[in-house]
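Novice: Test case, fold it:
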Amino acid sequence: MNYKQTLDYIYANLPMFQRIGAAAYKADLSTTIRLCERLNNPQLAFPSVHIAGTNGKGSVSHLTASVLMESGYKVGLFTSPHMKDYRERIRINGQMIPEDWVVKFVNRNKENFEELRPSFFEMTYVLACSWFAEQKVDIVVMETGMGGRLDSTNTCRSILSVITNIAFDHMQFLGSTLPAIAAEKAGIIRHGVPVIIGQRQSDVFSVFNQKASDLESTLEVAEDRYSIIDWKYLQDSNEVSFSILKDSAPFLNTLTCELTGVYQKKNLCTAISVCERLPEIGFVISAESFRRGISRVVSNTGIKGRWQRIGVDPVTIADTGHNEDGIRQVLEQLKLMKYEKLWWVLGMVNDKDINTVLRMLPEDANYIFCQASVPRALDAFELERIASLNGLKGIVIPDVSKATSQARKNASKRDLILVGGSTFVAAEVV
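Specialist: Okay, here's the model as predicted:
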């Protein structure tokens, strides 16, 4: 098989949550464990920073990897979902896994796949670990797929457990209350392994504190120690500048970052907390490495879709915010933007709490309803129907790219276009 045939094979034969949703979800680790054992447990060949959370875990993962790269380490990065190319999920020092390595791995292990029937995510995780082990990386930044306790990544050799935040998402799998969801995320906490929590949330903090205590793990809350001041958007360079306080005292002054969303303040504090803890575990990180890693996170790691400017005149933004908390952060960002009219190219997937999100959206925006090219996408005409019941008006252009082009034709140079509502919608335009 060539690379295209290999992708066709894994998409057709391995159930993929990104495409089909619930049917691909497995509520146990037995298949992952058995597949890892068949391949001599590659996930144990390197230390991992293990990152979970409802929102922000991707940004924290990329920021952490970028700082480690600037510190001179050979850094594996495992994230999901991908935006354009399957290989985005698996990188070493920013470089995607080679196509021929994917082909060889799948060809070598077809019998294992056909016998064990792993999901797409389980196979991808083991593929990534096998490549990281072969390449002898110094450390891997490992982002969970969903939850934590039963996520394939929870078989990794964790040296630091990180949980960014807790919000409502994937409730059919993780629980219908925030403490229940937190308990699933807390499943990544290991005995004696330090824990960093991004935010102190009153509804769930006791879940993490108790779990860490039970497992004799130290726990730190990033936002208790770190804060961002002097946040400024630099329009010409499409960057932000800011300074960081630690324990209310100056820590890092006048940094820049290519991730411009105001919601990145929390993620930056979490990533700084992570990187501050790593020297205690043997990874040396200088102040200059912090500075360079944060400023070069996009160019170092290839992260996309986080309040990403994809056009000017009018300014056009793509963002992956897709659940209640993510959309709330997008709305906060919009308050900081200057524009005359808002055009929102909006698509969603069919397993989200659609009405809750739609009720949050501004009624005075101009909507173009679309649907991403994945089976989970909510039909654009059905989305328009539900949106109209929630007071939102617009037109339907199912194709995301055509919908975005139409918005750019309709909008004036002083307007703002936002493309989002789903990671998969943003992925089609970045």
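Novice: So for stretch 100-117, first residue to last residue, what's the gap.
Specialist: 23 Å (C-alpha to C-alpha, to the nearest Å).
Novice: residues in contact with it?
Specialist: Contacts of stretch 100-117 from elsewhere in the structure, counted by C-beta atoms under 8 Å, 6 or more residues apart in numbering, are 1-3, 6, 9-10, 13-14, 31, 34-35, 38-39, 86-87, 123, 127, 130-131. Just so you know, the C-beta spots here come from the backbone N, C-alpha and C atoms, and that holds for glycine as well.
Novice: again, only using 10 Å
Specialist: Stretch 100-117 is contacted from outside by 1-7, 9-10, 13-15, 26, 30-32, 34-35, 38-39, 86-87, 90, 96-98, 118, 122-124, 126-128, 130-131, 134-135, using C-beta atoms under 10 Å, 6 or more residues apart in numbering.
Novice: Please name the spatially closest residue to Arg292 (chain neighbours excluded).
Specialist: Glu70 (4.2 Å; C-beta to C-beta, 6 or more residues apart in numbering).
Novice: And Leu336, by the same measure?
Specialist: Val262 (6.0 Å).
Novice: give me every residue that touches that neighbour.
Specialist: 228, 231, 233, 240, 307, 329-330, 332-337.
Novice: Likewise for Lys246?
Specialist: Shown in contact with Lys246 (C-beta under 10 Å, 6+ apart): Arg225, Tyr226, Ser227, Leu252, Cys269, Ile272, Ser273, Glu276.
Novice: wait, which of these is closest to Lys211?
Specialist: For the contacts of Lys246, the residue nearest Lys211 by C-beta to C-beta is Ser273; the value is 18.2 Å.
Novice: wait, isn't that closest one in contact with Arg225?
Specialist: Yes - Ser273 lies in contact with Arg225 (C-beta atoms under 10 Å); the separation is 6.6 Å.
Novice: So these two - more neighbours on which side?
Specialist: Per other C-beta atoms under 10 Å, whichever of Ser273 and Arg225 has more neighbours is Ser273, with 24 against 17.
Novice: Tell me the confidence at that one?
Specialist: If you check Ser273, the pLDDT there is 97.
Novice: Check Ala27 and give its pLDDT.
Specialist: pLDDT, read off for Ala27, is 67.
Novice: any common contacting residues for Ser273 and Arg225?
Specialist: In contact with both Ser273 and Arg225: Ile196, Lys246, using C-beta under 10 Å, 6+ apart.
Novice: where does the chain have low pLDDT?
Specialist: 15-27, 168-173, 175 (pLDDT under 70).
Novice: and the most centrally placed residue in it, what does it touch?
Specialist: Nearest to the mean C-alpha position of the chain, counting by C-alpha atoms, centre = their mean, stands Gly58 at 2.8 Å. Gly58 is in contact with 51, 79-81, 143, 164, 267, 303-306, 320, 423, counting by C-beta under 10 Å, 6+ apart.
Novice: Kindly recompute the last result at 6 Å.
Specialist: Taking C-beta atoms under 6 Å, 6 or more residues apart in numbering, we find Gly58 in contact with Thr79.
Novice: Quick check: what element follows the one helix or strand it maps to along the chain?
Specialist: Using DSSP states H and E, Gly58 sits within helix 57-70. Counting by DSSP H and E, the next helix or strand C-terminal to helix 57-70 is strand 75-78.
Novice: Convert that next one to PDB, retaining C-alpha atoms only.
Specialist: What follows is strand 75-78, C-alpha atoms only, in PDB (Å, rounded to 0.1, in the frame of the first residue of the first chain):
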ATOM      1  CA  VAL A  75      10.500  16.400  21.900                       C
ATOM      2  CA  GLY A  76       7.600  14.200  20.800                       C
ATOM      3  CA  LEU A  77       4.200  15.700  20.600                       C
ATOM      4  CA  PHE A  78       1.000  13.700  20.400                       C
END
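Novice: Packing partners of that strand?
Specialist: For strand 75-78, the contact count by 3 or more C-beta pairs under 6 Å, 6 or more residues apart in numbering; DSSP states H and E identifies helix 57-70, strand 139-143 as packing neighbours.
Novice: Contact partners for Val349?
Specialist: Arg376, Ala377, Ser422 are the contacts of Val349 under C-beta under 6 Å, 6+ apart.
Novice: sorry, back to before: buried residues of the helix holding Gly58, list them for me.
Specialist: For helix 57-70, a neighbour-count test (16 or more other C-beta atoms under 10 Å) marks 57-70 as buried.
Novice: try stretch 279-297
Specialist: Residues Phe283, Ile285, Ser289, Phe290, Arg291, Arg292, Gly293, Ile294, Ser295, Arg296, Val297 are the ones in stretch 279-297 that count as buried (16+ other C-beta under 10 Å).
Novice: My reading is that the second one is in a helix; is that accurate?
Specialist: No - read with DSSP: H, G, I helix; E, B strand; the rest coil, Ile285 is coil and lies in no helix.
Novice: Once you drop chain neighbours, what's closest to it?
Specialist: For Ile285, the closest residue by C-beta to C-beta, 6+ apart turns out to be Ser71, at 4.8 Å.
Novice: What ranges does the stretch 201-350 of the chain have for its strands?
Specialist: Along the stretch 201-350 of the chain, counting by DSSP state E, counting those that start in this stretch, strands occupy 219-221, 226-234, 239-246, 249-257, 308-311, 315-318, 342-346.
Novice: Specify the local secondary structure of His50.
Specialist: strand.
Novice: in the sheet, who's paired with it?
Specialist: In this structure, His50 bridges to Met142, Ser161 when assessed by DSSP bridges.
Novice: Wait, it touches Ser161, no?
Specialist: Yes - using C-beta atoms under 6 Å, His50 is in contact with Ser161, at 5.4 Å.
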